[in-house]
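>>> Sequence first, then the predicted structure:
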Amino acid sequence: MATGVQSEGTFDQPCHRISDTFSLFRQVLYGLPVLPSVVPRLAAAARILGEGTVSLFTDHPSHIRTLDLVDHATWPGAIPVWVNIDVGDHREGVLPGSGQLADVAYAIAASTRVHLAGIYSYTSMSYGSNSPDEALQHMARELEGLEQGAISFLKCTGATPSSDAQSARVTLSLGATPTATAVQNLLEGEGGAKKYRDMLDRLKQSFDMEIHAGVYTVMDMQQLATRARPAQSSAEPGKTLLSYADLGFRILAEVASLYPDRTATPEALIAAGSIALGREPSKSYPGWAVVTPWPDNSGDHYDPEGSKTGWIVGRISQEHGVLTWEGAKENVRPLELGQKLMLWPNHACITGVNFGFYLVVDSEKADGDIIQDVWLRWRGW
């Protein structure tokens, strides 16, 4: 993963560096509608990081009642909350125009402990995209649902969307990784960009807009499968937009055994199973990870949209995975017992949570395998 980020004293001064690290972020958003059991831990984080830095999701009036019981000594200042809107995929969130949304609005308006940070939505339906335009269509549907939710919420509080740039404006926050990726197409005219730019421009007259990026920063096999960006730039020949060159997340695994003859094509065992990789599928190929060409930078590898020849993690168990060779047997890439391999996982979100830290390298440097930094991961929920 190419990065210019450097950290200082991550391990030698851990207690001191907790506050230093999080001072880089303006706000931390807890990823579930607020659970009463986690309020003490989040309050402790808010005391360390400062007033207004820790925000919470709400989609039920009971969440607000829970927070109204938190005293100022426990959690200083007003507690920022984001109202979670269900825009159609029925994960977390409350429906626009519903009685429950009205109850949430009334509870927030009456509360002395919380203030509205914004209106939020997330839809995983964009993972079904197969082109930039399909990804942008998902974004448009999410924007429509989010706008409906925001207007419904504001009507309950007696407020209206504001076009006054100087007044307090409600923030609309949306996006999954495919839609965040597809937004780049709006800058280049890809995928019928104008109508989507017009839609965003209209909403920006009344709301502040925010797109959350998800796994956008590292990408994975699922993201390649959405085709939310063209693989190559039409404006700059040779420039990749969404390809294997943009995958910044890899897992190091060791070959544990070899089975050259037990099936029609060779197989091998690696010491990385569902504990390391998760069990998230990818719609583009029948496996759980793809073996990269590493240590070669530009060697051959399995490509669902290309040769379909190479090693993939074709089967998976708890503690190990089975590599299967896809393609003609005579073209097999030889492996050795104890050999280290790099894998591109299907879903970096699920894979990443299985590790306590990331080893950061810089692919733009001459020796891209030298570890430049170690990032500790936030864990728990």
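Sure thing, it's come through.

>>> in stretch 66-78, what's buried?
Residues Thr66, Leu67, Val70, Trp75, Ala78 are the ones in stretch 66-78 that count as buried (16 or more other C-beta atoms under 10 Å). Where C-beta positions appear, they are placed from N, C-alpha and C, glycine not excepted.

>>> How much space separates the last one from Gly214?
When you say that, I think you mean Ala78. Distance from Ala78 to Gly214, counting by C-beta to C-beta, to the nearest Å: 28 Å.

>>> Make sure Leu186 is indeed in a strand.
No - the assignment for Leu186 (DSSP: H, G, I helix; E, B strand; the rest coil) gives helix, which keeps it out of a strand.

>>> just checking, it touches Lys195?
No - using C-beta atoms under 8 Å, Leu186 makes no contact with Lys195, being 10.1 Å away.

>>> Between those two, point out the one with more neighbours.
Applying other C-beta atoms under 10 Å to Leu186 and Lys195 shows that Leu186 carries more neighbours, namely 18 against 10.

>>> List the residues that contact the more buried one.
Taking C-beta atoms under 8 Å, 6 or more residues apart in numbering, we find Leu186 in contact with Leu136, Ala193, Tyr196, Arg197, Leu200.

>>> Now do the same for it: its pLDDT.
pLDDT for Leu186: 88.

>>> Setting the sequence-adjacent residues aside, check what's closest to it.
Ala193 (4.8 Å; C-beta to C-beta, 6 or more residues apart in numbering).

>>> ditto for Ile151
Of all residues not flanking Ile151 in the chain, Pro161 sits nearest, at 6.7 Å (C-beta to C-beta, 6+ apart).

>>> Confirm that neighbour sits in a strand?
No - with three-state DSSP as the criterion, Pro161 is coil rather than part of a strand.

>>> if I pick it, what's in contact with it?
Residues near Pro161 by C-beta under 8 Å, 6+ apart: Ala150, Ile151, Leu154, Val170, Ser206, Phe207.

>>> How is Asp201 assigned, secondary-structure-wise?
helix.

>>> how near is it to Asp133?
Relative to Asp133, Asp201 is positioned 19 Å away (C-beta to C-beta).

>>> more neighbours, those two?
Asp133 (17 against 10).

>>> measure the more buried one to Gly145 for me?
19 Å.

>>> what about the helices in the chain?
14-22, 39-49, 61-68, 99-110, 132-157, 177-182, 193-204, 221-226, 274-277, 348-352 (DSSP state H).

>>> Would you mind pulling up the elements that the third one packs against?
In this structure, helix 61-68 packs against strand 54-58, strand 79-85, helix 99-110, strand 114-121, with contacts taken as 3 or more C-beta pairs under 8 Å, 6 or more residues apart in numbering; DSSP states H and E.

>>> now that helix, how far from the centre of its chain.
Centroid separation for helix 61-68 versus its chain: 28 Å, with C-alpha atoms, centre = their mean, to the nearest Å.

>>> What residues does the residue nearest the centre of the chain make contact with?
Taking C-alpha atoms, centre = their mean, the centroid of the chain lies closest to Gly214, which sits 2.0 Å from it. The contact partners of Gly214, by C-beta under 8 Å, 6+ apart, come to Gly175, Ala176, Thr177, Ala180, Cys349.

>>> Same list (the residues you listed) but as CSV, adding distance to Thr292 and pLDDT.
Below are the contacts of Gly214 laid out as CSV (distance: C-beta to C-beta, whole Å; pLDDT from 0 to 100):
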residue, distance to Thr292, pLDDT
Gly175, 28, 87
Ala176, 25, 88
Thr177, 20, 91
Ala180, 24, 88
Cys349, 19, 91
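
>>> Identify, from the residues you listed, the entry nearest to Ala44.
For those, the residue nearest Ala44 by C-beta to C-beta is Cys349; the value is 25.6 Å.

>>> okay but Val54 is in contact with Val34, surely?
No - the pair Val54 / Val34 is not scored as a contact, 10.5 Å apart, by C-beta under 8 Å.

>>> intersection of neighbour lists for those two?
Jointly contacting Val54 and Val34 under the rule C-beta under 8 Å, 6+ apart are Leu42.

>>> Quick check, Gln222 in contact with Asn346.
Yes - Gln222 is within contact range of Asn346, at 5.5 Å (criterion: C-beta under 8 Å).

>>> Check the burial of Arg262 by counting its neighbours.
As a burial measure, Arg262 scores 8 neighbours (other C-beta under 10 Å).

>>> so what are the domain limits for this protein?
14-218, 249-376 (automatic domain parsing).

>>> what's the span of the shortest one, first residue to last?
In other words, domain 249-376. 15 Å (C-alpha to C-alpha, to the nearest Å).

>>> my read: Leu172 touches Ser206, true?
No - using C-beta under 8 Å, Leu172 is not in contact with Ser206, being 9.2 Å away.

>>> Look at those two and report which has more neighbours.
Neighbours were counted for Leu172 and for Ser206 using other C-beta under 10 Å; Leu172 has more, 25 against 18.

>>> List the contacts of that one.
Gly118, Ile119, Leu143, Leu146, Glu147, Ala150, Leu203, Phe207, Asp208, Met209, Glu210.

>>> Let me have these in TSV, extended by neighbour count.
Listed next are the contacts of Leu172 as TSV, based on neighbours: other C-beta atoms under 10 Å:
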residue	neighbour count
Gly118	19
Ile119	25
Leu143	22
Leu146	26
Glu147	23
Ala150	24
Leu203	18
Phe207	23
Asp208	15
Met209	15
Glu210	12
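
>>> returning to what we had before: number of nearby residues for the residue nearest to Leu186?
By the criterion of other C-beta under 10 Å, Ala193 has 18 neighbours.

>>> before we move on, what about Lys365?
Around Lys365 there are 11 other residues, counting by other C-beta under 10 Å.
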